[in-house]
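Asker: model this:
(one chain, ligands or ions: 1)
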Amino acid sequence: MSNKESYHAIDVPFEYRHTCWFCGEPYYDSYAFMPSPNYDGQEQPLLIPSCEECFGFCRQTRVSGIDLLRDKVKDALHKKYQKHLQIGVNWTKEELEDCEFEGKALEGFRESAWAMFEIAKGRVNYAGWPLTIDGQPVSALSQAFHVEFDGIIYTSLQRAVEQLAKAYAIPQPYLEAVIEVVGRQRLAYAIRFAKTTYGYSADEREASIASLKALVAEEQALAIQVAVPAKGIQASLDELEPLILHRTQIPVHAIQWILERGITNLAQLAECEDDCFDHFGKDSELVAYTYFTAMQVYLEQRDVDPEWAENVDPNRRWFEQLG
Ligand SMILES: [Zn+2]
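Answerer: Take a look at the predicted model:
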């Protein structure tokens, strides 16, 4: 028996040997993580494979859990590579290739810029592999607060707003005010709105916010009208396809549940929220929460990308039946 071990090394799948768990860069050393404050009374440090840079970030961080540590490392990467990440905001790959830079320095920029953007994006988005020790899960890692915008993942709405306000040169308080009105699910809309309206006087901005509020209220009134679900259908679990969207697992149980209730949009799902928690909460609150989130992600994907819903969604034939 090896109770004398003073560290717990996490399992590293073969294909991830020599890889940083935080960002996917080459391995440098394992960071020995101890929670601080140590709420769960963890006794031994957890060894997490890191690259040199993430190792350095970890050493400056004291947090109570591994998911918080991961988020702090990601925030540090976002901050350090902000300029690189903004390349993707300011340019598309094709624009960069087509544009004619004059002079050696700018030509160099053109050649390396997109690569720098892709590397930085890959690192902040890198999801690591599931943390286990001898096959046993270490703990559930929460991504509940993560926000994705334009293909880049942020650790929280707050971080996303800070970075995006800078990237798009929108005053942060104004962007925050707009998001508060339209909701966090509609970041792209909020940014577009804020970008086109902030340049005016304070009075005009206030008027913009007021008209936005009226617009959203109108939309909500319309949404209530469509909130009456169609007649549900029964699909057996083996006829349904699980899928992964935006790094979220969509389990067949969740898909079966929405089909049974004839739910095809987020407004209908919202109406059935309590029902969902009653149904899946029998297993555990966490399961219910996970399933509900999965359904939201699924229905939102179908909503924002109708072409995907019609042609790609592996369960499209069921939704077609709902009409
Ligand atoms: Zn790293």
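
Asker: rest of the way, CA atoms for contacts and neighbours
Answerer: Noted.

Asker: give me the domain ranges for the protein.
Answerer: Using automatic domain parsing, the domain parsing of the chain gives 8-133, 169-225, 237-322.

Asker: lowest-confidence stretch among those?
Answerer: Least confidently modelled of the domains of the chain is domain 169-225, at a mean of 85 by mean pLDDT.

Asker: the strands in the stretch 1-150 of the chain, which residues?
Answerer: Assigned by DSSP state E, counting those that start in this stretch, the strands in the stretch 1-150 of the chain fall at 8-9, 29-33, 46-50, 132-133, 136-137, 147-149.

Asker: deepest of those strands, which one?
Answerer: Highest mean neighbour count among those (mean count of other C-alpha atoms under 10 Å): strand 46-50, with a mean of 23.

Asker: direction included, what does it pair up with?
Answerer: Counting by DSSP bridges, the strands paired with strand 46-50 are strand 8-9 (parallel), strand 29-33 (antiparallel).

Asker: would you turn the domains of the chain into CSV with distance to residue 145?
Answerer: What follows is the domains of the chain, written out as CSV (distance: least, C-alpha to C-alpha, whole Å):
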stretch, distance to residue 145
domain 8-133, 10
domain 169-225, 11
domain 237-322, 12
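
Asker: now residue 148. Nearest residue, chain neighbours left out?
Answerer: Closest residue in space to residue 148, ignoring its immediate chain neighbours: residue 154 at 6.1 Å, by C-alpha to C-alpha, 6 or more residues apart in numbering.

Asker: list phi and psi for that neighbour.
Answerer: Main-chain dihedrals, residue 154, degrees, to the nearest 10: phi -110, psi 150.

Asker: what residues are up against it?
Answerer: 74, 75, 124, 146, 147, 148, 160 (C-alpha atoms under 8 Å, 6 or more residues apart in numbering).

Asker: re the thing from before, ok, which of the domains of the chain comes nearest the ion?
Answerer: Nearest to the ion among the domains of the chain is domain 8-133 (4.1 Å), distances taken as C-alpha to the ion.

Asker: which one, of the strands paired with strand 46-50, ends up nearest to residue 129?
Answerer: strand 8-9 (13.9 Å; C-alpha to C-alpha).

Asker: and the closest one, how far out from the chain's middle?
Answerer: Relative to its chain's centre, strand 8-9 lies at 28 Å (C-alpha atoms, centre = their mean, to the nearest Å).

Asker: run through who's touching that strand.
Answerer: Counting by C-alpha under 8 Å, 6+ apart, 44, 45, 46, 47, 48, 133 sit against strand 8-9.

Asker: JSON lines for the strands paired with strand 46-50, including distance to the ion?
Answerer: Converted to JSON lines, these look like this (distance: least, C-alpha to the ion, whole Å):
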{"stretch": "strand 8-9", "distance to the ion": "17"}
{"stretch": "strand 29-33", "distance to the ion": "10"}
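
Asker: for residue 282, find the nearest of the ones you listed.
Answerer: Nearest to residue 282, of all those, is strand 8-9, at 33.7 Å by C-alpha to C-alpha.

Asker: checking residue 264 next. Helix, strand or coil?
Answerer: Following DSSP: H, G, I helix; E, B strand; the rest coil, the label given to residue 264 is coil.

Asker: roughly how far apart are it and residue 183?
Answerer: Distance, residue 264 to residue 183, using C-alpha to C-alpha, to the nearest Å: 20 Å.
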